[in-house]
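Asks: Based on what follows, work out the 3D shape:
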Amino acid sequence: MDNKFIRGIKIDWNKVGNNNYVRNIPSIQSINQLNFCNNITIFVGENGTGKSTLLESIAVAYGFNAEGGNRNFNFSTMDTHSELHQAITVVKGTSRPKSNFFLRAESFYNVASKIEDYRDGDDYYSYYKSYGGKSLHEQSHGESFLALIQNRFTPQGLYILDEPEAALSPQRQLTLLMLIFNLAQKGTQFIIASHSPILLGIPDATIFSFDDGKINEIKYEETESYKITELFINNKSLILNNLLDNNR
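Replies: Numbering: from 1, shown residues only. Down below sits the predicted model:
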């Protein structure tokens with residue numbers, strides 16, 4: 001289903017200060033616009049290549065709280081996001097999503113705590129039934145991630161996810177892959193930053209690589225996550241011997 005709520009972004013670099021650190025991120029500096037053609041878009045790249053910086057800036061430009069939550073969340077533990085969002089124009093689709101959420105692995109604890117504040121005396125079970133029946137703080141990190149996604153993510157929604165695999169076992173990553181794929185088939189849009197060779201394998205996803213100082217669309221088998229995982233699995237002993245020889 002062609003139902004993209006964010007069709008793309010445009011960047012006005014005149015609105016980014018000359019000394020702002022994003023000007024030193026080659027991959028982001030290389031673009032003035034980026035289009036999203038599929039319901040699942042994944043950013044991939046080595047640490048420090050800018051994928052989470054751009055993802056966060058898109059989320060904030062769209063109206064999300066920088067630390068996560070849906071668009072109604074309004075709090076700040078510490079402002080660390082770049083000013084890039086001020087330079088981004090979000091090219092929106094013709095319809096609005098029925099639900100939305102920005103999930104960041106690194107600040108999910110803060111979002112879960114804010115959910116506690118929003119409960120404000122409401123009946124415990126009635127409030128938390130939409131989060132799996134209990135407080136997210138009473139579940140493991142991985143369980144709370146999946147409880148949120150399984151109970152709050154809906155068809156025809158918009159979800160921006162920053163490294164959602166961080167708290168999940170490989171088996172639970174497969175569960176997440178299935179959830180994302182099924183929702184995308186029902187008109188939901190996902191924009192994701194990930195290192196997971198499992199999540200990167202979601203069928204019909206567009207993968208943008210941030211490596212080599214530019215943003216390029218690549219195939220799953222061309223991602224470093226896939227190539228390194230395959231290399232390690234097929235050559236475990238040789239690789240470990242080469243890596244660890246000098247430490248024995």
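Asks: which helices and strands sit right next to whichever helix in the chain runs longest?
Replies: The longest helix of the chain (DSSP state H) is helix 170-184. Under the contact criterion of 3 or more Cβ pairs under 8 Å, 6 or more residues apart in numbering; DSSP states H and E, helix 170-184 touches strand 40-44, helix 141-152, strand 189-193. For the C-beta atoms, the positions are set from N, CA and C on the backbone; glycine is no exception.
Asks: so what strands line up beside the first one?
Replies: Read it as strand 40-44. Sheet pairing of strand 40-44 (DSSP bridges) gives strand 189-193 (parallel), strand 206-209 (parallel).
Asks: who's in contact with residue 99?
Replies: Applying Cβ atoms under 8 Å, 6 or more residues apart in numbering to residue 99 gives the contacts 70, 152, 153, 154, 156, 157, 158.
Asks: Just the mean pLDDT for stretch 36-55, thanks.
Replies: Mean per-residue pLDDT for stretch 36-55: 95.
Asks: Ends of that stretch, what's the gap?
Replies: End-to-end span of stretch 36-55 (Cα to Cα, to the nearest Å): 13 Å.
Asks: Also stretch 158-171?
Replies: End residues of stretch 158-171 are separated by 24 Å (Cα to Cα).
Asks: Please point out which parts of it sit buried.
Replies: Buried residues in stretch 158-171, counted by 16 or more other Cβ atoms under 10 Å: 158, 159, 160, 161, 162, 163, 164, 165, 166, 167, 168.
Asks: Can you add distance to residue 175, pLDDT and secondary structure and give the residues you listed back as TSV?
Replies: Converted to TSV, these look like this (distance: Cβ to Cβ, whole Å; pLDDT from 0 to 100; DSSP: H, G, I helix; E, B strand; the rest coil):
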residue	distance to residue 175	pLDDT	secondary structure
158	21	96	strand
159	16	96	strand
160	20	95	strand
161	14	94	strand
162	19	91	strand
163	16	90	coil
164	11	90	helix
165	11	91	helix
166	15	86	helix
167	12	81	helix
168	8	89	coil
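Asks: pLDDT of stretch 69-88, averaged?
Replies: Stretch 69-88 shows a mean pLDDT of 70.
Asks: again, but for stretch 95-109
Replies: 79.
Asks: now stretch 236-245
Replies: 90.
Asks: which outside residues touch that stretch?
Replies: By Cβ under 8 Å, 6+ apart, the residues outside stretch 236-245 that reach it are 231, 232.
Asks: ok, and for it, which residues are buried?
Replies: For stretch 236-245, it's none, nothing buried (16+ other Cβ under 10 Å).
Asks: quick one: it to chain centroid distance?
Replies: Relative to the chain's own centre, stretch 236-245 is displaced by 33 Å; criterion: Cα atoms, centre = their mean, to the nearest Å.
Asks: same thing with stretch 96-107?
Replies: Per Cα atoms, centre = their mean, the centroid offset for stretch 96-107 relative to its chain is 9 Å.
Asks: same question, stretch 87-98
Replies: Counting by Cα atoms, centre = their mean, stretch 87-98 comes out at 17 Å from the chain centroid.
Asks: And that stretch, what's buried?
Replies: 87, 88, 90, 93, 97.
Asks: repeat for stretch 172-182
Replies: Buried, per 16+ other Cβ under 10 Å, within stretch 172-182: 172, 173, 176, 177, 180, 181.
Asks: which residue sits closest to the last one in space, ignoring its chain neighbours?
Replies: Think residue 181. residue 202 (5.6 Å; Cβ to Cβ, 6 or more residues apart in numbering).
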